[in-house]
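Undergrad: A predicted structure for the sequence below; I have some questions about it.
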Amino acid sequence: MVCEWDSRRQEWSSGGAPALYLIGVLLLAIFFYATGANQASTAPVLGLWILATAIPLLILGIIDMRRGDTLFGTLGMVFGGLLGLGAGLAFLRPVFLPGPPTMDGYWFLGTSFVIILLVPSALKKSKLFAFGLSDAGIAVLLLALTLTGSLGQQGWSIEVVGYLALLFCVICFYSATARITNETYGRSILPLR
């Protein structure tokens, strides 16, 4: 006897919700880093954690691309590749290559543009998530301007980045939970629009 489970064609679920949870946890760590007192000593550890989240984010992005979900596939690639690998290496770079963070800032500048360019597509799925991406784009832009020296040596800007990261963290956690809950119950319980 073949059970119903075995006879159905198996498809992979979207990687969107797990990717949002990963991004949320990463953003929470960035919040504590940016608002903490020991940034110099905790930066390399944060860099390792960012690199560790980059791998599953890239895998989840590939899964979504394969499933035909271009937006979440691209988000997995951007947050896994550009931000995950790029930011992870930027936080670790001073350990191996001391020097000013100007080039790191230019990397983040380009990444901020990519994030902001994803906002119109995100609007089709969720205004809340589009707002979150706007928030993330502004945070990464502010980080870029800080690292390139365009804002001078202002400590306030990194702290603002931390609070913007915390806001997007909450949006990511809610959006992931809403996606899973709504799919589990087969109807909209937690609104996403």
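TA: Right, received. Where do you want to start?
Undergrad: Going by neighbour count, list what's buried in stretch 160-170.
TA: 160-162, 164-169 (16 or more other C-beta atoms under 10 Å). (Each C-beta comes from the backbone N, C-alpha and C, glycine too.)
Undergrad: Need those residues in a markdown table (columns: secondary structure).
TA: Below are the buried residues of stretch 160-170 laid out as a markdown table (DSSP: H, G, I helix; E, B strand; the rest coil):
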| residue | secondary structure |
| --- | --- |
| Val160 | helix |
| Val161 | helix |
| Gly162 | helix |
| Leu164 | helix |
| Ala165 | helix |
| Leu166 | helix |
| Leu167 | helix |
| Phe168 | helix |
| Cys169 | helix |
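Undergrad: Give me the neighbour count for the nearest residue to Ile189 once chain neighbours are set aside.
TA: Spatial nearest neighbour of Ile189, chain neighbours left out: Thr181 (5.2 Å); criterion: C-beta to C-beta, 6 or more residues apart in numbering. Applying other C-beta atoms under 10 Å, we find 15 residues neighbouring Thr181.
Undergrad: how much space is there between Thr181 and Leu192?
TA: Taking C-beta to C-beta, to the nearest Å as the measure, Thr181 and Leu192 are separated by 10 Å.
Undergrad: What strand or helix carries Ala19?
TA: helix 16-35 (DSSP states H and E).
Undergrad: Identify the residues contacting that helix?
TA: Residues outside helix 16-35 that contact it (C-beta atoms under 8 Å, 6 or more residues apart in numbering): 39, 42-43, 46, 49-50, 53, 56-57, 60-61, 64, 69, 72, 75-76, 79, 84, 158-159, 161-163, 165-166, 168-170, 172-173, 175-177, 179-180.
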